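Visitor: generate coordinates for the sequence data below:
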Amino acid sequence: RTRVVRKKDAGAQPTRGTAESTGSGQIALRFRVKIQVPLVNAFTPAGPEGSSMSVYNKERTFVSTVGHDHPRYGHLHALITKEGSAGGKKGYFNAFYDRSTEEAVVHAHELLPFDAKCDW
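Guide: Okay, the predicted model is just below:
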């Protein structure tokens, strides 16, 4: 799992998703995010030393970034450029927002298959 957003990031709470228990009695909101790698131009993803990757949900009620200094940046960048959609420019992942800690966590180990649910 990759923590993408911390408490200090204002306006980063998703408003739609599936509520579930975290096991500690707290409620978490599950949702999907798209992570887009930075581009050199409209057709070419930038290398792993590029700028931040954009992270957002379909409704854009959750918007954040993963900076190149993030510990999982290289892993995410490699996974998306190798197995992602749109020629390795974007990848879709499950995520959850824990209301008790006010953090969003992306399941960065599992790239979702591109399908109708990930066509945005």
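Visitor: the longest helix seen in the chain: what's the following helix or strand?
Guide: In the chain, with assignment by DSSP state H, the single longest helix is helix 73-83. Downstream of helix 73-83, the first helix or strand assigned by DSSP states H and E is helix 85-88.
Visitor: tell me which helix or strand in the chain has the weakest average pLDDT.
Guide: strand 18-21 (a mean of 51; mean pLDDT, DSSP states H and E).
Visitor: tell me the contacts of Gly91?
Guide: Contact partners of Gly91, counting by CB atoms under 8 Å, 6 or more residues apart in numbering, are 34-35, 76, 79-80, 83-85, 111-112. In short, each C-beta sits where N, CA and C put it, glycine included.
Visitor: redo that, cut-off 7 Å
Guide: With contact taken as CB atoms under 7 Å, 6 or more residues apart in numbering, Gly91 is in contact with 35, 79-80, 84, 111.
Visitor: now His75. Nearest residue, chain neighbours left out?
Guide: Ala108 (6.5 Å; CB to CB, 6 or more residues apart in numbering).
Visitor: per-residue pLDDT, the one you found?
Guide: In this model, Ala108 is scored at 86, pLDDT.
Visitor: surely it and Arg72 touch.
Guide: Yes. Under the criterion of CB atoms under 7 Å, Ala108 makes contact with Arg72 at 5.5 Å.
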